[in-house]
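Asker: pasting a predicted model and its sequence here:
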Amino acid sequence: QVRLVESGGGLVQAGGSLRLSCTASGRTLSSYVMGWFRQAPGKGREFVAISWSGDNTYYTSYADAVKGRFTMSRDNAENTVYLQMNVLKPEDTAVYYCAGKRGSWSHQVAVYDSWGQGTQVTVSS
């Protein structure tokens, strides 16, 4: 497992932007599948974005609800992954979690074994 720490959450008005960061310690992230997930009040944790390596590049996949507005990126030198969130909507309000796993990519929450503590994102209307 790898230790993950998120930062960058906060309160923003609808239409605004935030950038979340997730920094790892204990392991290098370059070979990990990394994901961003979120959990709104009263709801289950859901997939937002994932990134995985293959063919000397990184691939990303996004949930339909955030496609075109959110961008996930990685900085292996800093052992950090980011989630740039633009055109935020009130329905994006949630606790956002960074997660990692080895092996094949997946959208499923249950298969990720390393999790950060979460960072709150609140979007006001």
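Answerer: Right, received. Where do you want to start?
Asker: doesn't Phe70 make contact with Tyr82?
Answerer: No - applying C-beta atoms under 8 Å as the test, Tyr82 and Phe70 come out as separate, 10.3 Å apart. (Glycine included, C-beta is placed from N, CA and C.)
Asker: which SS class is the spatially most central residue of the chain?
Answerer: Of all residues in the chain, the one closest to the mean position by C-alpha atoms, centre = their mean is Trp36, 2.1 Å from it. Three-state assignment for Trp36 (DSSP: H, G, I helix; E, B strand; the rest coil): strand.
Asker: apart from its neighbours in sequence, what residue is nearest it?
Answerer: Val48 (4.3 Å; C-beta to C-beta, 6 or more residues apart in numbering).
Asker: Asn76 too?
Answerer: Closest residue in space to Asn76, ignoring its immediate chain neighbours: Ser30 at 4.5 Å, by C-beta to C-beta, 6+ apart.
Asker: doesn't the one you found lie inside a helix?
Answerer: No - read with three-state DSSP, Ser30 is coil and lies in no helix.
Asker: flag every buried residue along the helix or strand where the residue nearest to Trp36 lies.
Answerer: Here Val48 sits within strand 46-54, counting by DSSP states H and E. For strand 46-54, a neighbour-count test (16 or more other C-beta atoms under 10 Å) marks Phe47, Val48, Ala49, Ile50, Ser51, Trp52, Ser53 as buried.
Asker: these into a markdown table, with extra columns for pLDDT?
Answerer: Converted to a markdown table, those look like this (pLDDT from 0 to 100):
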| residue | pLDDT |
| --- | --- |
| Phe47 | 97 |
| Val48 | 98 |
| Ala49 | 98 |
| Ile50 | 98 |
| Ser51 | 97 |
| Trp52 | 96 |
| Ser53 | 92 |
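Asker: any idea how far the strand holding Val48 is from the chain center?
Answerer: 8 Å (C-alpha atoms, centre = their mean, to the nearest Å).
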